[in-house]
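Participant: Test case, fold it:
(chains A and B)
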Amino acid sequence: MAFINGIGLISPQNTIDPEVFLQSIVEHKAEYMKSVDPVYKEFLDPLQTRRLSRIIKMGITSARLCLRNAGCEMPDSIITGTGLGSVEDTEKILAELPKEEKFLNPTPFIQSTYNTISSQIAIYLRCHGYNSTYVHRTFSFESGLLDALLQLEEKSAENILVGGIDEMSLNHLMVTRRSGLWKTEIINNLELRKSMSPGAVAGEGSGYFMISASPVPGTYARITGVETIYKPSDFAFIKEKTIGFLQSNGLNLSDIDLIMVGVNGDDRWDGIYDAFTSNIFPGRPVSWFKHLCGEYHTATSFALWATANILKRQMYPPVMQLNDLQPLKIENILIYNQFRNINHSMILVSR
Amino acid sequence: MPRRIYITGLGIISSIGKNLQETFSSLMQGNSGIRHPEHLGTTLRSEILVGEVNASLEELFALAGLPVQEGFSRNALLGIIAAKEATSSTSFKIDPALRTGLISATTVGGMDRCELYYNDFFTNDSKNIYLEVYDCADSTEKIANLLGIRNFITTISTACSSSANAILLGARLIRSGRLDRVLAGGCESLTRFHLNGFNSLKILDKEPCKPFDDRRNGINLGEGGAYIMLESEESILRTDNRILCEIIGWGNACEAYHQTASSPDGTGAYLAMKKALEMSGLKTEEINYINAHGTGTDNNDLSEGRAIEQLFGSKIPPVSSTKPFTGHTTSAAGATEAIISILALMHQVIWPNLNFRVPMKELSLIPVDRLLTGQLIRNVLSNSFGFGGNDTSLIFAKPMDGNLPGYPQTNPIQKNG
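Facilitator: Next up, the predicted model:
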């Protein structure tokens, strides 16, 4: 059993306080959906606040929030999934490189390596346990979760801190807009569903989870399984994998009470979600989350926070409802996400 | 009884060879690949020594069996070449009855192209195809696509221990029963990005690196790709692949000390080696050779040396760092050195720690400074430590029992092999 015993989430919504769950929704009408940053000096010492780049501050702070929420001082392992690592530091180096190859500032280089977030958390906690970082686009966070589930099976760890974290910057947004990832028009995030045009709205966030072998009084939910599907040959293959995935976890299609999908307003790919829900789960309540956090490689960490809260509180927030159907009970939620029909993933979360 | 995990295929490209055979020859002859860079466009060329793969981008396309085309990084080509070799030696084919995974490791990803075209990204659309190759996943997906691997893919980045962690995860996924075979390893090409990064930290030796030597003065960066095929016994019964060796232990621990420095007492290194050893069930005296991380920096070699002394006490097995041959291939180093360790097992040799002359004042550890042949080697420990204190140790072993498929009848592991 893999229990979610604590969560720390910094996101474009007000998610820092574990006592509230989507009570006031933050509207974004900008190039991308920026995280609501906490006052970092309340969490980090002055030296860290000054020196560390933003993504590392986000990572350490959300990890601390998670540990506090879980009532756990020292995890046995630390795992981070990040699609792009420190975008800001990488940009600093690239901007400096053409000018001069001799006097590069070492700090951005040190912080630009993808494993910096996991290792800075380890340094902060003095945690000598297993430490790793997954960097595979929208499989990054899912790979981290799989590693955690394996560790529980192996009994090599009992409390595993697993995070999904990515940041966006204006430069990175401008550059990657050329590859057609993002919408060219600025839209209000709460009207994302009405905007059917190519491209998504970019977002960012950092979510850390305490995945544990035993529950605590504040346990949110259980992670029953995680599955990644690379380049499915056709839709029938996705359907077959979904059925197989649920069966391997002792469930049938009818056991899923709520689906949470990665609909992001990109009219080129959102049809995949429609096919998934209408074909595999007809007549079932469908929820979404990317109008709240934006699109980024580890956005499913936001979805996991949301499903964990829905299961714990037995409350399905209207702002997340994509169709009009209401769940009769909330026992099992399936998160389904895909990136350009290449990287598909599922996370099964249970009460 | 946990599932056993065998290694059946090896593929490698580095500054000392474009395939396994060339790598083996260079190691046997003591030929280092450390030179001034020819292919990396850097103004530091005349003052920097690196382990560069001696091939242009066009030549790498040819080695990869691909037509020259846009959208490929040097990094991905190095990965493809090594991954293809590791699978061709096992007559690899996709078999629906075998769940096959690819776990690759890189840190600079496609930066070798992106640092060239970064200005274009801001000003025009001519290099847009390279926006797709910037990240770490690109090389992994290109390898998976070429080999048809679909069941599981992911990418790991833990700096200089990345590909050791790829092997570790591959072994765990097979042991858990989730996969039957895994191609695991990593690739890293030289870039101005990380060459300048390391240079800014003042840890590049302007001369050939000298691990575990009192005169050591830093790293020579290198590049390459290295992959190994891991298989379960059930998989080997279907593929009929030859067993080269077995992986019997792995350990991952974190220094939690400093982002770019190892602790003086080598806590992370000690814990990683200890975990691997405990898992293998071996006693310290049963390790016959340690292929050390041995970067040649002041800090690493002292820290790693102390950790080895702490774990092995007065009976330290033969130790060498092979980075003076290949240079430090960063994310590819773990798999590169896993293969070099496996070659030591297969051929019963211990590789020399080139450039060693003066013992370190702080250590009793004296690395092996010449090629030793005709050794009795059953178990080899390979260390990979990274920035951020990400430390991983792997133990490879010569299988002891004769009841395994493909072993020992067709096994290449012979004393004088």
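
Participant: Show me the helices in the stretch 151-300 of chain B, by range?
Facilitator: For the stretch 151-300 of chain B, the helices defined by DSSP state H, counting those that start in this stretch cover B:162-175, B:192-200, B:233-239, B:267-280, B:298-312.

Participant: Get me the contact residues on the stretch 201-350 of chain B for chain A.
Facilitator: Within the stretch 201-350 of chain B, the positions adjacent to chain A are B:201, B:252-260, B:267-268, B:271 by Cβ under 8 Å from any Cβ of the partner chain. Backbone N, C-alpha and C define where each C-beta goes, glycine included.

Participant: Please pick the buried ones from those.
Facilitator: Taking 16 or more other Cβ atoms under 10 Å in any protein chain shown as the criterion, what is buried in those is B:201, B:252-257, B:259-260, B:267-268, B:271.

Participant: residues contacting residue 330?
Facilitator: No chain specified, so I'll use chain A. For A:Ile330, the contact set (Cβ atoms under 8 Å, 6 or more residues apart in numbering or on different chains) comprises A:257-258, A:310-311, A:314, A:316, A:351.

Participant: Chain B, not that one
Facilitator: B:107-108, B:159-160, B:162, B:188, B:194, B:221-222 are the contacts of B:Thr330 under Cβ under 8 Å, 6+ apart.

Participant: ok, now with 6 Å
Facilitator: By Cβ atoms under 6 Å, 6 or more residues apart in numbering or on different chains, the contact set of B:Thr330 is B:160, B:188.

Participant: cool, and the one 4 residues further on?
Facilitator: Neighbour list for B:Gly334: B:161, B:163-164, B:384 [criterion: Cβ under 6 Å, 6+ apart].

Participant: burial of residue 294, as a residue count?
Facilitator: Since no chain was named, I'll use chain A. Look at A:Gly294: counted by other Cβ atoms under 10 Å in any protein chain shown, it has 28 neighbours.

Participant: that's the wrong chain, I meant chain B
Facilitator: B:Gly294 is flanked by 30 other residues according to other Cβ under 10 Å.

Participant: Can you tell me how far it is from chain A?
Facilitator: Counting by Cβ to the nearest Cβ, to the nearest Å, the gap from B:Gly294 to chain A is 20 Å.

Participant: That residue touches B:Thr322, doesn't it?
Facilitator: No - counting by Cβ atoms under 6 Å, B:Gly294 stays clear of B:Thr322, with 8.0 Å between them.

Participant: which parts of the stretch 51-200 of chain A sit against chain B?
Facilitator: A:94, A:97, A:101, A:104, A:106, A:109-110, A:113-116, A:119, A:122-123, A:126-128, A:130-137, A:139, A:143, A:150, A:175, A:178-179 (Cβ under 6 Å from any Cβ of the partner chain).

Participant: Of those, select the buried ones using a ChimeraX command.
Facilitator: What follows is the ChimeraX syntax for the buried subset of those, where burial is set by 16+ other Cβ under 10 Å:
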select /A:94,97,101,104,106,109,110,113,114,115,116,119,122,123,127,128,130,131,132,133,134,135,136,137,139,143,150,175,178,179
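
Participant: Among the residues of the stretch 51-200 of chain A next to chain B, name the ones in helices.
Facilitator: A:94, A:106, A:109-110, A:116, A:119, A:122-123, A:143, A:150, A:175 (DSSP state H).

Participant: Which parts of chain B are strands?
Facilitator: Ranges of strands in chain B, per DSSP state E, are B:5-14, B:34-35, B:50-51, B:100-105, B:152-156, B:181-188, B:224-232, B:245-254, B:289-291, B:319-320, B:379-386, B:390-397.

Participant: Export those strands to TSV and append columns for mean pLDDT.
Facilitator: Below are the strands of chain B laid out as TSV (pLDDT from 0 to 100):
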stretch	mean pLDDT
strand B:5-14	98
strand B:34-35	98
strand B:50-51	98
strand B:100-105	98
strand B:152-156	98
strand B:181-188	98
strand B:224-232	98
strand B:245-254	97
strand B:289-291	98
strand B:319-320	98
strand B:379-386	97
strand B:390-397	98
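
Participant: Packed most tightly, which of those strands would that be?
Facilitator: strand B:181-188 (a mean of 34; mean count of other Cβ atoms under 10 Å in any protein chain shown).
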